[in-house]
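In: sequence below, structure please.
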Amino acid sequence: MSRWNAIVARLLLRCASCAAWASTFGSSHAAVNVYFGGPANSKLDLSLPNVARNSFLATLSSFGIENLETLAGQQNPTLAFGGGVTATTGFSNGVNTQFAYSVSGTNFLWDTEGANDWLQFSQPVTGFGSYIVQGGDGSSAPPSSTPSNQLTLRLENTMLATSKDVVIGNLGPDWPFYNVIFVGVTDSQPFDRVTLIESYDVDGLLWDDLVAGMVSPSTTGDFDGNGVVDGEDLAVWQTNFGASGNAPFTLGDGDGDGATTGADFLVWQRDLPEPLTQAVPEPGAILLSGATVVFLRRRLRA
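Out: You can find the predicted model right below:
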């Protein structure tokens with residue numbers, strides 16, 4: 001038995017050395033990008049919000065738009081973004097109809113006063129955005145006496161129990177102004193829940209043409225999305241090896257097939273800077289070590 005334990009120990013040490021190598025290069029965190037454009041005085045001229053919106057959409061490989069036109073009168077509506085992506089919501093004010101306050105069509109989603117409204121997606125996404133018509137909740141810009149209103153989006157991955165607050169920015173003046181803005185956020189780490197948080201929330205915001213989608217990977221081997229292909233990306237791949245059914249290009253999936261396999265290791269190895277490539281263990285060695293450890297552990301338990 002001691003001989004088997006020694007073999008297992010050596011193999012575990014080898015895997016640990018691979019993990020240590022992975023942690024040697026780089027310490028950047030996952031990339032979060034914010035898009036904030038406007039205000040526009042009315043929906044007749046959306047040039048400023050659309051600059052931000054177009055920049056946001058250009059980063060997405062796929063996306064869907066919910067324009068709310070079939071959901072009039074629904075409280076806490078279920079939104080549909082196409083491609084099987086839906087979202088349940090906590091908007092108790094629901095979908096309202098008023099041409100003057102919508103961006104496209106006649107319907108808008110009215111944010112509830114004094115509450116953090118939310119969306120829960122049916123599957124993880126990496127991009128979310130929306131037009132906002134600011135019916136109230138403004139800033140302290142003269143002559144208004146209201147405090148500034150900072151908008152924050154809380155991004156959560158409920159399956160992984162992770163959460164981050166992303167500050168979007170301070171909104172424009174309160175009534176009698178009619179402000180249309182666009183807000184958007186992308187994250188290299190998938191999220192499936194968005195909570196809308198205002199620091200001054202007494203009148204509600206009006207949301208329209210909501211967008212959900214997936215970010216186009218700039219470098220497919222950059223699994224953590226920090227703009228650098230390094231050992232931290234190998235650690236992402238190792239952690240998620242064997243996973244399937246994920247959103248494409250997430251959790252170490254470099255070829256976009258929704259699974260984390262040996263083929264994704266090769267994608268990472270291909271994208272490595274040249275000096276690092278020479279120090280990388282062969283994929284077969286890593287996979288064989290892992291498989292051998294699993295086999296030996298099972299034999300020991302038997």
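
In: tell me where the stretch 51-200 of the chain has helices.
Out: With DSSP state H, counting those that start in this stretch as the criterion, the stretch 51-200 of the chain has no helices.

In: quick one: the strands in it?
Out: 60-66, 79-80, 86-89, 95-97, 107-110, 118-134, 150-157, 162-170, 179-198 (DSSP state E, counting those that start in this stretch).

In: pull the residues that contact the fourth one.
Out: Yep, that's strand 95-97 we're talking about. Applying CB atoms under 8 Å, 6 or more residues apart in numbering, the external contacts of strand 95-97 come out as 68, 71-74, 77, 106-110, 206. The way it works is simple: take the backbone N, C-alpha and C, and place the C-beta from them, glycine included.

In: for PyMOL, what selects the buried ones among these?
Out: Buried subset of the contacts of strand 95-97, written as a PyMOL selection, criterion 16 or more other CB atoms under 10 Å:
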select buried, resi 68+71+74+77+107+108+109+110+206
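
In: and which of the contacts of strand 95-97 is nearest residue 233?
Out: residue 109 (37.3 Å; CB to CB).

In: in contact with the residue nearest to the closest one when sequence neighbours are not counted, which residues?
Out: Leaving out its chain neighbours, the residue that sits closest to residue 109 by CB to CB, 6 or more residues apart in numbering is residue 207, at 4.3 Å. For residue 207, the contacting residues are 108-111, 130-132, by CB under 8 Å, 6+ apart.

In: now these in JSON lines, with distance to residue 85 and pLDDT?
Out: As requested, those are exported to JSON lines (distance: CB to CB, whole Å; pLDDT from 0 to 100):
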{"residue": "108", "distance to residue 85": "21", "pLDDT": "97"}
{"residue": "109", "distance to residue 85": "17", "pLDDT": "97"}
{"residue": "110", "distance to residue 85": "23", "pLDDT": "94"}
{"residue": "111", "distance to residue 85": "21", "pLDDT": "92"}
{"residue": "130", "distance to residue 85": "15", "pLDDT": "98"}
{"residue": "131", "distance to residue 85": "19", "pLDDT": "97"}
{"residue": "132", "distance to residue 85": "21", "pLDDT": "93"}
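
In: so which of those residues is the closest to residue 187?
Out: residue 130 (15.7 Å).

In: identify the bridge partners of the residue nearest to that closest one when sequence neighbours are not counted.
Out: Nearest residue to residue 130 in three dimensions, chain neighbours excluded: residue 210, at 4.4 Å (CB to CB, 6+ apart). On the basis of DSSP bridges, residue 210 is bridged to residue 66.

In: same thing with the one 5 residues further on?
Out: Counting by DSSP bridges, residue 215 forms beta bridges with residue 60.

In: so it touches residue 58, yeah?
Out: No - checked against CB atoms under 8 Å, the pair residue 215 and residue 58 is beyond contact range at 10.5 Å.

In: of these two, who's got more company?
Out: residue 215 (24 against 8; other CB atoms under 10 Å).

In: quick one: low-confidence parts of the stretch 1-150 of the chain?
Out: 1-30, 135-146 (pLDDT under 70).

In: distance to residue 269 for the strands of the stretch 51-200 of the chain - can I get that in a markdown table?
Out: Formatted as a markdown table, the strands of the stretch 51-200 of the chain follow (distance: least, CB to CB, whole Å):
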| stretch | distance to residue 269 |
| --- | --- |
| strand 60-66 | 23 |
| strand 79-80 | 39 |
| strand 86-89 | 37 |
| strand 95-97 | 49 |
| strand 107-110 | 45 |
| strand 118-134 | 24 |
| strand 150-157 | 27 |
| strand 162-170 | 27 |
| strand 179-198 | 20 |
